[in-house]
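*Asks:* What shape does this take:
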Amino acid sequence: MIDRRTLLAAALAGAALPATLPALAAPADTLRIGYQKNGILVVAKQQGAIEAKLKPLGVGVAWVEFSFGPPLLEAISLGAIDFGPTGDAPPIFAQAAGGPLVYAAAMEAGGSNAAILVQKDSPIRTLADLKGRRVAFAKASSAHNFTIAALEKAGLTYRDIEPVTLAPADAAAAFARGSVDAWTIWDPYFAIAEMQPSTRVLTLADDIA
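*Replies:* Numbering: from 1, shown residues only. Okay, the predicted model is just below:
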């Protein structure tokens, strides 16, 4: 079984869309796959499984890394990549904006791979304690959806918190320096942060939805 921490050796610098677009040009016989640093595609990439299946057909594979779902889906909409996985919420936001997406498959998450984190000494002990607090998450991501669901479970609304929308790497830095009170995040960022003695898990995604 692949443990989520087996993927932590990879660097966390996700590719922003403007930086990746010039590098996405590929021959017509190349499948351009967008991926994030979690999930089954990371394992497939490491093992060369897709390349092995497509090589007899004369089709190559180009891998393009993204730090979270919305930029990946924007790249699909622009025709810059052909395929890629995201969490539950990004496709909803993308289609609401008119993105021409086709669902190829759906995967059930194995285990709790996302959480709302706080500092170990934080006075926030329950979801209700998030009221009036600065909560960081990536806009239009699965963490965005998770945050809303957690608030609803606590009887709160989106207006009861101060949302701080940041990409994962920026949110990690803000959380580490105490600029935000809580951080909603997924693996591998969650796994790395969870290993820090100063971090406490307020709730897991499995406990919400």
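*Asks:* got the contact list for stretch 84-94?
*Replies:* Contacts to stretch 84-94, defined as CB atoms under 8 Å, 6 or more residues apart in numbering, come from residues 33-36, 39, 41, 66, 68-70, 72-77, 99, 101, 103, 107, 140-145, 186. Every C-beta, even on glycine, is put in place using the N, C-alpha and C of the backbone.
*Asks:* again with stretch 156-165
*Replies:* Outside stretch 156-165, the residues touching it (CB under 8 Å, 6+ apart) are 127-128, 130-139, 144, 147-148, 151, 171, 174, 179-180.
*Asks:* still on that earlier bit, which members of the contacts of stretch 84-94 occur in strands, if any?
*Replies:* In strands, defined here by DSSP state E, the members of these are 33-35, 186.
*Asks:* Most widely separated two among the residues you listed?
*Replies:* By the measure CB to CB, 33 and 186 form the most distant pair in the ones in strands among the contacts of stretch 84-94, at 19.3 Å.
*Asks:* neighbour-wise, which of these two wins?
*Replies:* Shown here are residue 33 and residue 186; by other CB atoms under 10 Å, residue 186 has more neighbours (27 against 19).
*Asks:* pLDDT at the closest residue in space to that one that isn't next to it in sequence, what is it?
*Replies:* Computed as CB to CB, 6 or more residues apart in numbering, the closest residue to residue 186 that is not its neighbour in sequence is residue 114, at 4.1 Å. Per-residue pLDDT puts residue 114 at 93.
*Asks:* Return the distance of residue 114 relative to residue 163.
*Replies:* Per CB to CB, to the nearest Å, residue 114 is found 17 Å from residue 163.
*Asks:* Which residue lies nearest the spatial centre of the chain?
*Replies:* The residue lying closest to the centre of the chain (CA atoms, centre = their mean) is residue 68, at 4.2 Å.
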